[in-house]
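Asker: predicted model, plus sequence, below.
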Amino acid sequence: MLILMYVHDSLRWDFVGCYNPNEANTPHLDRLAREAVIFERAYAQTTWTKGSGASILTSIYPQGLGMDDQRSKAPAEAFHMLRALREAGYVSLALSTNSFISERFGFEAGFDEIPDLFELSQFKDRPRRPSPAGRHSRENGGRPYITSRDLNGLFLSKLEHNPGRIFFLLWSMDTHLPYFDRDRLSEYDEGLLVITKRRIPETPKGTLTKLYRGMAQYADRHFGELVDQLKQLGLYEDSLIMVLGDHGESFGEHGQFAHAGVPYAEQIHVPLVIKFPAGEFAGSRRSELVELVDLLPTVLEIAGVPLPGDRINGRSLIPILRGEQSGRPWAYSSINSTSERMGIAALITSDWHYLHFDISESKTDFSKVAGVRSFLRWCRDKLLRPLLLSDRKLMSARADGRPLRLLPVLPHRRMQALRFAGQLRERMRSNLEIRSSWKEPRQEAQLDDRVKSRLADLGYFEE
């Protein structure tokens, strides 16, 4: 059986047609969704790629992994679920176009193979000419990365040489910064334009969303080509295919742009579509709260592999789909949660979106975190000063997960906020228990200038 996890980096849920048909245009993913399950309220466990990717692939929250900053490495022990899958006879392969999801940050512990796609000479079947998206990026000052078109070719080549039971991670960057028109698919028609992270605040929101919508269409088109290839190879029907975003994207909401910021809904509410083997559960939509840490427990149950131990925050989605279990009472997300501080944490329920700010005396300079600087200025001027520097924010939420409005934690809401704060403290205690259980000491990646440059192109390691 083929188990395919396809991650669209930074793909926001409401830019996918099966979630927002009036404004989004992703016909190929929508076609898959008709034969799959659409999870309407899926949440990422943090707002940036490395922490989210590590949580997805270990089923452990970032704080429990020690994924506190841009240099931290995932502990090898944490990939016990992927190891269990390999011990059951599955080959585990990854093709990631994001430098964070790579061997240098510890992800090799979960895979038989996770090549560095930026060393293109190792792939003999790599097209000699860059893709149109890559050419466009070069011509306009951006640096090219592997596009989803190229990713398809590499995937099919690897698949040809690895028949049988296989877990395959594909990580596409076509919906990530910088924003530019891929193959003239966007609605932006005012000439060539590349928007890097530094240029976002000065760019009209309409321009950003037009470019981003076109990027989602470009990624969707090549995802559709991949699905068509799987059908031609006779692999589609019995495969397990999971399509998701690792986090969302902001376009000025709450004073934030891009991602790696405060866990408001626009940065953590993600698309999640799962096609099960033989069309099981096909055509259903689920409104229960689910988290991305739930994916690997679901994979292991489908594969018939027992869960390896109890250092797991996720739970299988199969009992929910069979009506044997209800959804989560709340979803959890955070950023910059260390061994000493909760950082900025969110609890999302069916009715509320609660934010807790615990950044005092933190060793982390939050002004350097991508996407947070502009938010902190806005928060200071518009929220913190008027509310006497309250460290708690409570938001009402609609059923689709979009916050309606920010509510100060006034006396009549204080009990609700205190209950959420207590749940977050319990969550932090549990996270730190897992964090302290790793035998190996926390490690940091050693990065050369070339890797730093790649990550800087994506909005990280800003000076």
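Answerer: Nice, thanks for sending it over. What you see is a predicted model; the values in this text were computed from it and never measured.
Asker: okay, CA-based contacts and neighbour counts for the rest of this
Answerer: Will do.
Asker: shouldn't residue 344 be within a strand?
Answerer: Yes: according to DSSP: H, G, I helix; E, B strand; the rest coil, the state of residue 344 is that of a strand.
Asker: hey, what's it bridged with?
Answerer: residue 335, residue 357 (DSSP bridges).
Asker: give me the number of residues near residue 204?
Answerer: 11 (other Cα atoms under 10 Å).
Asker: how about residue 76?
Answerer: 17.
Asker: ok, the closest residue to it other than its chain neighbours - contacts?
Answerer: Closest residue to residue 76 apart from its sequence neighbours, by Cα to Cα, 6 or more residues apart in numbering: residue 109 at 5.2 Å. Counting by Cα atoms under 8 Å, 6 or more residues apart in numbering, residue 109 touches 76, 77, 79.
Asker: closest one of those to residue 296?
Answerer: residue 79 (10.5 Å; Cα to Cα).
Asker: so what does the helix or strand hosting residue 216 touch, helix or strand wise?
Answerer: Residue 216 is part of helix 205-232 when elements are defined by DSSP states H and E. Under the contact criterion of 3 or more Cα pairs under 8 Å, 6 or more residues apart in numbering; DSSP states H and E, helix 205-232 touches helix 27-33, helix 148-160, strand 179-180, strand 250-251.
Asker: next, give phi and psi for residue 338.
Answerer: Residue 338 has phi and psi values of phi -100, psi -170 when expressed as degrees, to the nearest 10.
Asker: any idea how far it lies from residue 199?
Answerer: Distance from residue 338 to residue 199, counting by Cα to Cα, to the nearest Å: 30 Å.
Asker: more crowded one of these two?
Answerer: For residue 338 versus residue 199, neighbours defined as other Cα under 10 Å are more numerous around residue 338 (24 against 10).
Asker: residue ranges in the stretch 101-250 of the chain under the pLDDT threshold?
Answerer: 118-145, 184-193 (pLDDT under 70).
Asker: once you drop chain neighbours, what's closest to residue 244?
Answerer: In space, residue 244 is closest to residue 272, 4.5 Å off (Cα to Cα, 6+ apart).
Asker: next, count neighbours for the closest residue to residue 277 other than its chain neighbours.
Answerer: Residue nearest to residue 277 in three dimensions, not counting chain neighbours: residue 238, with 4.3 Å by Cα to Cα, 6+ apart. Residue 238 sits with 15 neighbouring residues when counted by other Cα under 10 Å.
Asker: so residue 431 is in which element?
Answerer: helix 414-436.
Asker: what helices or strands is that helix leaning on?
Answerer: Helix 414-436 packs on helix 62-65, strand 343-348, strand 352-358, going by 3+ Cα pairs under 8 Å, 6+ apart.
Asker: just how off-centre is the next helix or strand after it within its chain?
Answerer: For helix 414-436, the succeeding helix or strand toward the C-terminus, using DSSP H and E, is helix 449-457. Centre-to-centre, helix 449-457 and its host chain are 20 Å apart (Cα atoms, centre = their mean, to the nearest Å).
Asker: could I get the full set of helices for the stretch 51-200 of the chain?
Answerer: Secondary structure of the stretch 51-200 of the chain, counting by DSSP state H, counting those that start in this stretch: helices at 62-65, 80-87, 132-139, 148-160.
Asker: out of these, which gets nearest to residue 18?
Answerer: Of these, nearest to residue 18 by Cα to Cα is helix 148-160, at 20.6 Å.
Asker: what residues sit buried inside that closest one?
Answerer: By neighbour count on 16 or more other Cα atoms under 10 Å, the buried set for helix 148-160 is 148, 149, 150, 151, 152, 154, 155.
Asker: for the residue nearest to residue 244, what are phi and psi?
Answerer: Dihedral angles for residue 272 - degrees, to the nearest 10 - are phi -150, psi 110.
Asker: domain map for the protein?
Answerer: Using automatic domain parsing, the domain ranges for the chain come out as 2-329, 332-438.
Asker: the nearest residue to residue 440 once chain neighbours are set aside: how many residues sit nearby?
Answerer: Nearest residue to residue 440, sequence neighbours excluded (Cα to Cα, 6+ apart): residue 75, at 7.2 Å. By other Cα under 10 Å, 23 other residues sit near residue 75.
Asker: can you check residue 426 too?
Answerer: 12.
Asker: check what pLDDT it gets.
Answerer: pLDDT for residue 426: 93.
Asker: which residues touch the closest residue to residue 345 other than its chain neighbours?
Answerer: For residue 345, ignoring the flanking residues on the chain, the nearest one in space by Cα to Cα, 6+ apart is residue 334 at 4.1 Å. Contacts for residue 334 (Cα under 8 Å, 6+ apart) come out as 45, 46, 47, 262, 263, 342, 343, 344, 345, 346.
Asker: likewise residue 296?
Answerer: 56, 57, 58, 59, 81, 314, 316.
Asker: contacts only, for the residue nearest to residue 244.
Answerer: Contacts of residue 272 (Cα under 8 Å, 6+ apart): 38, 39, 40, 42, 242, 243, 244, 245.
Asker: for it, give its distance to residue 247.
Answerer: Counting by Cα to Cα - residue 272 and residue 247 are separated by 11 Å.
Asker: repeat for residue 351
Answerer: Taken as Cα to Cα, the span from residue 351 to residue 247 is 21 Å.
Asker: the more surrounded of those two?
Answerer: Applying other Cα under 10 Å to residue 351 and residue 247 shows that residue 247 carries more neighbours, namely 32 against 15.
Asker: for that one, which three-state class applies?
Answerer: coil.
Asker: you'd agree residue 313 is up against residue 292?
Answerer: No: the pair residue 313 and residue 292 fails to qualify as a contact (Cα atoms under 8 Å) at a distance of 10.0 Å.
Asker: what is in contact with those two at once?
Answerer: residue 59.
Asker: looking at those two, which one has more neighbours?
Answerer: Between residue 313 and residue 292, counting by other Cα under 10 Å, residue 292 is the more crowded of the two (27 against 18).
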